[in-house]
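Q: What would the 3D arrangement of this be:
(one chain, ligands or ions: 2)
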Amino acid sequence: MIEVQHLTKRYGSKLALDDLSFQVKEGEILGLLGPNGAGKSTTMNIVTGYLSATNGQVRIDGLDILEEPKKAKSKIGYLPEQPPLYPDMTVEEYLRFVWELKGAKGNREEKLGEICAQVMIDDVTGRLIKNLSKGYKQRVGLAQALVGDPSVLILDEPTVGLDPKQITEIRDLIRGLAKRHTVVFSSHILTEVQAVCDRIVVISGGKKVADDTPAGLAASMSAGRQLDLLAEGDPQQVVELLSAIDGMASVERLEEKEPGVFA
Ligand code: ADP
Ligand code: MG
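A: Ligands and ions are numbered 1, 2, ... in the order given. All right, here's what the predicted structure looks like:
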């Protein structure tokens with residue numbers, strides 16, 4: 001469970017987040033949708049405790065990220081926009097390093113083996129990270145987020161720069177992860193969050209502008225959609241044909257632009 005309340009962030013005079021509040025329930029996949037510069041990465045950096053807010057509060061499973069940073073952070077797996085990979089390490093070396101860094105508990109080799117299988121990198125564990133494709137690198141980034149079995153996963157634009165096949169793979173992975181984790185992931189692509197998320201928070205200019213299910217968001221967006229067109233022919237017949245189109249709410253004839261052509 002993640003609670004974000006009244007977050008405000010200023011970079012000097014620039015207001016990057018403006019009174020942003022939202023909640024993520026346990027086991028939910030939340031999509032943070034917004035154009036470049038909307039404040040997605042800033043929000044994620046604050047939620048994960050990497051950046052302090054100018055104002056506002058973040059709680060992870062009831063723990064305040066500033067008051068109990070160690071406990072709260074141990075519940076979070078974070079894949080930042082630039083994954084913190086060491087190119088000269090092998091995948092195996094790197095994940096062992098992350099394991100020690102996080103002070104993760106349990107049988108290291110067994111757990112790391114499980115994670116590698118889960119994100120489908122078990123065939124490259126001996127390879128240097130710098131020699132991996134972008135899709136594999138991103139999955140290694142996901143693997144490091146999963147080390148320590150965090151209940152919350154924060155993924156910042158995990159599909160950026162991947163080809164369509166890799167995007168589908170990462171999406172499927174994220175959907176699978178949501179069975180055991182609460183997931184927040186950001187994107188600037190509507191169809192992407194619609195495909196994966198239970199709920200979507202849309203931010204623009206640091207403000208929340210929508211908070212809805214994918215279906216609810218699609219309905220409210222299409223509600224006001226209007227198409228102006230010119231048609232040549234019998235106006236009555238054109239109106240009848242257009243009205244018969246599936247999903248058409250109403251058809252209105254406005255004026256005759258020129259003889260036999262109607263708007
Ligand atoms: P997003 O991830 O949605 O693209 P960001 O959170 O990276 O958005 O940025 C939000 C706004 O804050 C942008 O206008 C960006 O230029 C600005 N910004 C981000 N980081 C800094 C920084 N360190 N210093 C100054 N401005 C910043
Ligand atoms: Mg960003």
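Q: the strands in the protein, which residues?
A: 2-11, 14-24, 29-33, 55-60, 63-64, 76-79, 152-155, 182-187, 199-204, 207-212, 231-232, 256-258, 261-262 (DSSP state E).
Q: Tell me how confident the model is about the fifth one, as a mean pLDDT.
A: Averaging pLDDT along strand 63-64 yields 96.
Q: can you tell me how far the nearest residue to V58 once chain neighbours are set aside sits from R59?
A: The shortest distance from V58 to any non-neighbouring residue, by C-beta to C-beta, 6 or more residues apart in numbering, is to I65 (4.4 Å). Quick note: C-beta positions are derived from backbone N, CA and C, even for glycine. Using C-beta to C-beta, to the nearest Å, one gets 7 Å for the distance from I65 to R59.
Q: Over to S133?
A: Taking C-beta to C-beta as the measure, S133 falls 38 Å from R59.
Q: Look at those two and report which has more neighbours.
A: Set S133 next to R59 and count neighbours by other C-beta atoms under 10 Å: R59 wins out with 19 against 12.
Q: wait, what's in contact with that one?
A: Listed by C-beta atoms under 8 Å, 6 or more residues apart in numbering, the contact set of R59 reads 1-3, 5, 65, 72.
Q: Show me which pair in the residues you listed is furthest apart.
A: Q5 and A72 (14.5 Å; C-beta to C-beta).
Q: Excluding chain neighbours, give the residue nearest to the closest residue to ligand 2 within the stretch 51-200 of the chain in space.
A: Using C-beta to the ion, the closest approach of the stretch 51-200 of the chain to ligand 2 is made by E81 at 5.0 Å. Closest residue to E81 apart from its sequence neighbours, by C-beta to C-beta, 6+ apart: D156 at 4.5 Å.
Q: do you know how far the closest residue to P84 other than its chain neighbours is from ligand 1?
A: Ranked by C-beta to C-beta, 6+ apart and with sequence neighbours excluded, the top spatial neighbour of P84 is Q144, at 7.2 Å. Going from Q144 to ligand 1 by C-beta to the nearest ligand atom, to the nearest Å gives 20 Å.
Q: do K70 as well
A: In terms of C-beta to the nearest ligand atom, K70 sits 25 Å off from ligand 1.
Q: okay, now D172: neighbour count?
A: Residues near D172, counting by other C-beta under 10 Å, number 12.
Q: One more: V152?
A: 22.
Q: That one touches K75, doesn't it?
A: Yes: taking contacts as C-beta atoms under 8 Å, V152 lies within contact range of K75: 5.5 Å.
Q: so what sits against both of these two?
A: What both V152 and K75 touch, as defined by C-beta under 8 Å, 6+ apart, is the set 60-61.
Q: contacting residues for the nearest residue to P35 once chain neighbours are set aside?
A: Among residues not flanking P35 along the chain, H188 sits closest, at 5.5 Å (C-beta to C-beta, 6+ apart). Residues counted as contacts of H188 (C-beta under 8 Å, 6+ apart) are 33-36, 38, 40, 157.
Q: Just the buried ones from these?
A: Burial by neighbour count, 16 or more other C-beta atoms under 10 Å: within these this picks out 33-34, 38, 40, 157.
Q: restrict those to those near ligand 2?
A: K40 (C-beta under 5 Å from the ion).
Q: residue ranges with poor pLDDT in this structure?
A: Under the criterion pLDDT under 70, the flagged ranges of the chain are 223-225.
Q: The residue in it that ligand 2 sits nearest to and R175, how far apart?
A: Nearest to ligand 2, among the residues of the chain, is S41, at 3.2 Å (C-beta to the ion). For S41, the distance to R175 (C-beta to C-beta) stands at 23 Å.
Q: quick one: which of those two has more around it?
A: Comparing S41 with R175 by other C-beta under 10 Å, the one with more neighbours is S41, at 20 against 14.
Q: burial of the residue of the stretch 51-200 of the chain closest to ligand 2, as a residue count?
A: 14.
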